[in-house]
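> Structure for this input, please:
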Amino acid sequence: MNKHVLSGLCTLSIIIILGLNSCGNLNGGAGTNRIAFDSVKVDTIVALSSDSLAPKCTLKLSIHYATGAHAEQINHALMLSGILSNDYYKVDSIQNVSVPDAVKELVNKTISGYKKDYNQIYKQDRSSMSLNYELDITTKVRKGREGVENYLADIYVYTGGAHGQSVSILRNIDVKTGELLTKEKIFAGHSENAINALIVKGLAKHYGVRGLKELQDSTSVFAFMEPYVPNDFLMEKDSVRFVYSTDEIACHAAGPQEVAVSYKDLGKLLKK
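Numbering: from 1, shown residues only. You can find the predicted model right below:
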């Protein structure tokens with residue numbers, strides 16, 4: 001993949017780098033009644049001037065999207081999950097747009113918004129080193145529990161300061177229906193407290209402590225909030241993996257937190 005470094009004087013029409021790569025069918029063989037995935041890739045840098053030290057907007061995107069059965073339903077739901085949303089672009093809930101077109105729009109609006117927001121500041125202070133912007137989105141698809149595909153999006157955004165922000169968006173796709181399996185569809189009603197207890201137990205074991213209080217006091221995990229079941233989880237072969245992004249339930253230095261709870265332990269807390 002070639003990387004283009006463009007000055008702020010260049011037109012947006014030459015910024016887009018799109019590559020379509022077939023990932024095949026993760027359920028064994030291609031076909032119109034099977035879920036398969038292709039991807040869109042973008043690798044681009046736009047500088048505010050021709051100066052080699054000029055601040056830059058860096059975009060590195062690798063976005064998988066469904067083809068074949070239920071493709072439109074799956075892709076619309078994934079986009080509404082926030083995988084393509086930033087300060088400059090959001091997918092309209094009623095908009096029927098393809099993923100490649102949405103990626104083009106994301107790139108165009110991010111670059112034009114970046115130049116609008118930062119050009120004037122840069123002209124006034126060309127020594128500023130806090131005007132760089134970076135957006136890195138990498139998605140993966142892998143086989144989960146029988147009849148489920150796992151969709152993973154790792155998103156990193158840097159807008160200046162000491163560090164950027166990392167977020168993971170995890171979704172589970174029902175192969176038969178194409179719907180996203182949210183926690184409301186997977187877990188039985190009134191099961192949250194019991195699932196919370198299993199999550200705390202798993203995290204406490206990981207850190208070598210006993211119970212919630214020691215977990216809060218020793219690791220900062222859940223130190224400022226009550227335990228809760230995250231929206232981001234993966235229905236894997238033998239367990240449900242609950243994932244909390246960096247800064248979500250612990251200090252930044254602790255990084256992301258995750259714990260796998262077996263289907264056996266979840267038992268009747270599962271609807272399906």
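
> alpha carbons only for contacts and neighbour counts from here, please
Noted.

> residue contacts, residue 54?
47-48, 126 (CA atoms under 8 Å, 6 or more residues apart in numbering).

> Oh, that last question was meant for residue 194, not what I typed.
Counted by CA under 8 Å, 6+ apart, residue 194 has contacts residue 269.

> so which helix or strand takes in it?
According to DSSP states H and E, residue 194 maps onto helix 192-207.

> Going by distance to residue 102, which of the contacts of residue 54 wins?
residue 47 (22.9 Å; CA to CA).

> Report the beta-bridge partner residues of that closest one.
Note on residue 47: beta-bridge partners by DSSP bridges are residue 56.

> now the end-to-end length of stretch 80-100.
15 Å (CA to CA, to the nearest Å).

> Kindly report the same for stretch 207-215.
End-to-end for stretch 207-215, by CA to CA: 8 Å.

> buried sites along that stretch?
By 16 or more other CA atoms under 10 Å, the buried positions in stretch 207-215 come out as 209, 212, 214-215.

> Please report how far residue 61 lies from residue 226.
35 Å.

> And these two? Which one has more around it.
Shown here are residue 61 and residue 226; by other CA atoms under 10 Å, residue 61 has more neighbours (23 against 10).

> And the helices in this structure?
71-78, 99-124, 183-186, 192-207, 211-219, 263-266 (DSSP state H).

> winner for burial among these?
helix 71-78 (a mean of 19; mean count of other CA atoms under 10 Å).

> can I get the CA coordinates of it in CSV?
C-alpha atoms of helix 71-78 as CSV (Å, rounded to 0.1, in the frame of the first residue of the first chain):
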residue,chain,number,x,y,z
ALA,A,71,-25.0,-7.8,4.2
GLU,A,72,-27.0,-4.6,4.2
GLN,A,73,-28.5,-5.4,7.6
ILE,A,74,-25.2,-6.3,9.1
ASN,A,75,-23.3,-3.4,7.7
HIS,A,76,-25.8,-0.8,8.7
ALA,A,77,-25.9,-2.1,12.3
LEU,A,78,-22.1,-2.2,12.5
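
> Can you tell me what sits against that helix?
So helix 71-78 is contacted by 35, 65-66, 96-99, 171, 173, 178-180 (CA under 8 Å, 6+ apart).

> just curious, which of those residues is nearest to residue 243?
For those, the nearest to residue 243 is residue 171 (11.0 Å; CA to CA).

> Quick check: the closest one touching residue 152?
Yes - in terms of CA atoms under 8 Å, residue 171 counts as a neighbour of residue 152; the distance is 6.6 Å.

> which of the two has more neighbours?
Higher neighbour count among residue 171 and residue 152: residue 171, with 24 against 21, using other CA under 10 Å.

> Quick check: most distant residue from the centroid of this structure.
Ranked by distance from the centre of the chain (CA atoms, centre = their mean), the top residue is residue 124, with 35.1 Å.

> Give me the below-cutoff pLDDT ranges for the stretch 101-250 of the chain.
Within the stretch 101-250 of the chain, the stretches with pLDDT under 70 are 129.

> Just the buried subset of the contacts of residue 54, please.
47-48.

> by how many degrees do the helix holding residue 194 and helix 211-219 diverge?
40 degrees (axes from the mean of the first three to the mean of the last three CA atoms, to 10 degrees).

> what are the bridge partners for residue 40, then?
residue 20, residue 63.

> pretty sure it contacts residue 60?
No - the pair residue 40 / residue 60 is not scored as a contact, 10.7 Å apart, by CA under 8 Å.
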